[in-house]
Every structure is written in structure tokens, then in C-alpha cells.
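[1] Show me how the following folds:
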Amino acid sequence: MRDDDNAGLDGLIPSHLSRRGFVMTSLMSGLTLATTRVEAQVIHTDAEGIEAGEVAIPAGDGPMPAYRAVPKGEGPFPVVLVVEEIFGVHEYIKDICRRLAKAGYCAVAPELYARQGDLSKMTDVKQIISEVISKTPDAQWIGDLDATVAWATTAAKGDAGRLAVMGWCRGGRAVWLYDAHRTDLKAAVAWYGPVGGERTAIQPRTAGDVAGEIHAPLLALYGGADTGIPVASVEEARDAAKAAGKSVELVVYPEAPHGFHADYRPSYRKDAAEDGWRRALAFLKAHGV
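    Reported below is the predicted structural model:
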């Protein structure tokens, strides 16, 4: 982790981060067991023309399971870090990586909760939040994303000069925080990530807290019918960024609930999901990724 990458996150990264062993040593198969889902995924992306599969990323304290999808060919290809929801790197997240690879990207989704619990076996959302999400230090997953960048740009045909991050739900929160951490990001896309929330010793700052400290332009895709994330709170974060001379483009889909891109859940809204995806790809390209 470079010193300049710590800019804007004073108090977030302790000088000595205690690592614990990996509970998950491989990714789950299929979809998460922890949420009601529709009969089948709406979108299934094949691997024709790309290389896709599970990988192990050196993370300092052992190999971290992850999913990588990249176009066939020598590259290098622009890199998109794919940050999961709270449910782990399951088939939906893997499919997103393949969609990005089909669009020309080296897409990598590390299992950021692999030390805290085995998400492949958890069926209770409250258990996931209390035993895994709330106990994962922000400094830990930030370090793991840094390790993912290092691996992708040295061993996976990724271009270090064209780096972006994209995340959903809790991963959307991570996008805001990682944008405030990483000075060499070119673009960031947050899908309905909470901007507020409880502050704790290991998660000391909210996305809203760092809105004025982001480095790369950020596209914020949110649902107007999201009962857990008031649009006003996202507008406040956007305005804080703007006041600090930063760039946040906010798009709100008035009738869309939380999770409107998750095509394996009843929350899926086809029109909003497809429009958001088109905007996300255009945003990456417009900002050099």
C-alpha cells in the first residue's frame, strides 16, 4: 500500500492491521442461499471469447479466492474491480465479471469477506450482517483491493493505467471509500451503496464522510423506492463532493427499489438495470477506462 493511497482516510488504516486466517478458501457455487430469489437468473453470460474462472490472489497472509474474467488475447486490458454485495462472490457477481470481460475489461471480484465467515453456508441475512459484515474492518478489504490491483496488473493482463471500481449494495459503499483511498483510479461506479450508517472502531467513516475526498469521477446509480437509502442522503453526499471540487453524477430511478440490478432477486427491475448498465459502461469509457 503506497503512502499516497492513504490520502483522505486518516484514522481508517491502523499502523498494524491484524489479519486472521481465511475461512473461505474457494468461492461458492451457484447463487447465495441467503435471500429469496426468482426461479433463475435473468442474464446468463457465456465464456466465449474470454477467459473466466476462479483464481487465488496473494494477499500477504495467504491466497484470497476471487473470480477473474478477461478477454482472450495479450492485452493489457483496462481493469475493473468488482465489489460484491453482502452475499459473497456467487454466480450473479461472476456473471457481472463475464459481462465486463465481454465489453473488453479485465474484471476481478475478490472474496472480501473470506476471513470473517463462509458465506456459501449462510442462509440468514441478519447473521451475515452481524457476524461477517459488521466484523470486517474497512482497512482489511481496502488492503485486499490493493492486493487485487497488484495481482491484476502484473499477473492477469490488466493495465495499471486504466483502473476502475464498481460495486453493488455494500459494495457500493466500498466504491465511495475506495475512491477516497486510491489516487490512481480513473472512474468509480456505485450501485445503491449506503452513504450513511453506524460508525465503529473498525468502520470509522461512512461513504458520506469521504464524499468530498474522492479522487476519480463517480457515477452513483440509486433507486427512488429504496426504503433503506433516502435519496436525500445521496444528494447530500453528491453536493459535498461538488463543494469540494469533485465529480459525482447521480442517477435516480424513481420506481426502482434497492437491488434493482440483481437479476436473481424479486427486486430486479429490467429497465433500470439495463439503463444503469449502459450508463456505467459509457461512464468508464468517458473517463479513460
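[2] got a list of contacts for stretch 155-163?
    Here stretch 155-163 makes contact (C-beta atoms under 8 Å, 6 or more residues apart in numbering) with 55, 68, 70, 74-79, 81, 106, 108, 149, 152-153, 182, 184-186, 288-289. Any C-beta I mention is one placed from the backbone N, CA and C, and that applies to glycine too.
[3] Buried among these? Make that a ChimeraX selection.
    In ChimeraX, a selection of the buried entries from those looks like this (16 or more other C-beta atoms under 10 Å):
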select :55,68,70,76,77,78,79,81,106,108,149,152,153,182,185,186,289
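[4] any idea whether residue 100 is helix, strand or coil?
    The local conformation at residue 100, judged by DSSP: H, G, I helix; E, B strand; the rest coil, is helix.
[5] Surely it touches residue 80?
    Yes. The criterion here is C-beta atoms under 8 Å, and residue 100 meets it with residue 80 at 5.3 Å.
[6] Please enumerate the shared neighbours of these two.
    107, 166.
[7] after the helix or strand where residue 142 lies comes which helix or strand?
    Element membership of residue 142, judged by DSSP states H and E, is helix 138-155. Heading C-terminal from helix 138-155, the first helix or strand you meet, by DSSP H and E, is strand 158-168.
[8] Any buried residues in that following strand, and which?
    So for strand 158-168, counting by 16+ other C-beta under 10 Å, buried means 158, 159, 162, 163, 164, 165, 166, 167, 168.
[9] can you check stretch 106-124 too?
    Neighbour-count burial for stretch 106-124 [16+ other C-beta under 10 Å]: 106-117, 119-120, 122.
[10] Of all pairs in those, which one spans the longest distance?
    Across the buried residues of stretch 106-124, the longest distance by C-beta to C-beta is 29.4 Å; it joins 106 and 122.
[11] now the strands for the stretch 1-150 of the chain?
    Assigned by DSSP state E, counting those that start in this stretch, the stretch 1-150 of the chain shows strands spanning 50-58, 63-71, 77-83, 106-110.
[12] CSV for these, including distance to residue 24?
    CSV is the format used below for the strands of the stretch 1-150 of the chain (distance: least, C-beta to C-beta, whole Å):
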stretch, distance to residue 24
strand 50-58, 11
strand 63-71, 6
strand 77-83, 16
strand 106-110, 11
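[13] In CSV, list those along with mean pLDDT and distance to residue 233.
    Formatted as CSV, these follow (pLDDT from 0 to 100; distance: least, C-beta to C-beta, whole Å):
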stretch, mean pLDDT, distance to residue 233
strand 50-58, 96, 33
strand 63-71, 97, 31
strand 77-83, 98, 20
strand 106-110, 98, 27
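[14] so which of the ones you listed gets nearest residue 222?
    Residue 222 sits nearest to strand 77-83 of all those, at 16.1 Å, using C-beta to C-beta.
[15] Strand 63-71 and the closest one, what's the angle between them?
    Put simply, strand 77-83 runs at 130 degrees to strand 63-71, going by axes from the mean of the first three to the mean of the last three C-alpha atoms, to 10 degrees.
[16] How about residues contacting strand 77-83?
    With contact meaning C-beta under 8 Å, 6+ apart, strand 77-83 is reached by 67, 70-71, 93, 96-97, 100, 104-110, 112, 145, 148-149, 152-153, 157-160, 162-168, 171-172, 174-175, 178, 284, 289.
[17] CA atoms only for that strand, dumped as CSV, please.
    The C-alpha trace of strand 77-83 is given here as CSV (Å, rounded to 0.1, in the frame of the first residue of the first chain):
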residue,chain,number,x,y,z
PHE,A,77,-6.9,-4.6,-20.7
PRO,A,78,-8.4,-1.9,-18.5
VAL,A,79,-9.1,-3.2,-15.0
VAL,A,80,-12.5,-3.1,-13.2
LEU,A,81,-12.5,-4.2,-9.6
VAL,A,82,-15.9,-5.8,-8.9
VAL,A,83,-17.1,-5.4,-5.3
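[18] What pairs with that strand, parallel or antiparallel?
    Using DSSP bridges, strand 77-83 pairs in its sheet with strand 106-110 (parallel), strand 158-168 (parallel).
[19] Serialize the ones you listed to a markdown table and add fields for distance to residue 141.
    Listed next are the strands paired with strand 77-83 as a markdown table, based on distance: least, C-beta to C-beta, whole Å:
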| stretch | distance to residue 141 |
| --- | --- |
| strand 106-110 | 8 |
| strand 158-168 | 11 |
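[20] Of all the ones you listed, which one comes closest to residue 266?
    Per C-beta to C-beta, nearest to residue 266 of the strands paired with strand 77-83: strand 158-168, 15.9 Å.
[21] Using CSV, list the CA coordinates for the next helix or strand after that closest one.
    Next in sequence after strand 158-168, counting helices and strands by DSSP H and E, comes helix 170-181. Taking C-alpha atoms only, helix 170-181 is exported to CSV below (Å, rounded to 0.1, in the frame of the first residue of the first chain):
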residue,chain,number,x,y,z
ARG,A,170,-22.5,-2.8,0.5
GLY,A,171,-20.0,-2.9,-2.4
GLY,A,172,-21.5,0.4,-3.5
ARG,A,173,-20.4,1.9,-0.1
ALA,A,174,-17.0,0.4,-0.7
VAL,A,175,-16.8,2.2,-4.0
TRP,A,176,-17.1,5.6,-2.3
LEU,A,177,-14.5,4.7,0.3
TYR,A,178,-12.0,3.2,-2.2
ASP,A,179,-12.3,6.2,-4.4
ALA,A,180,-11.2,8.3,-1.5
HIS,A,181,-8.3,6.0,-0.9
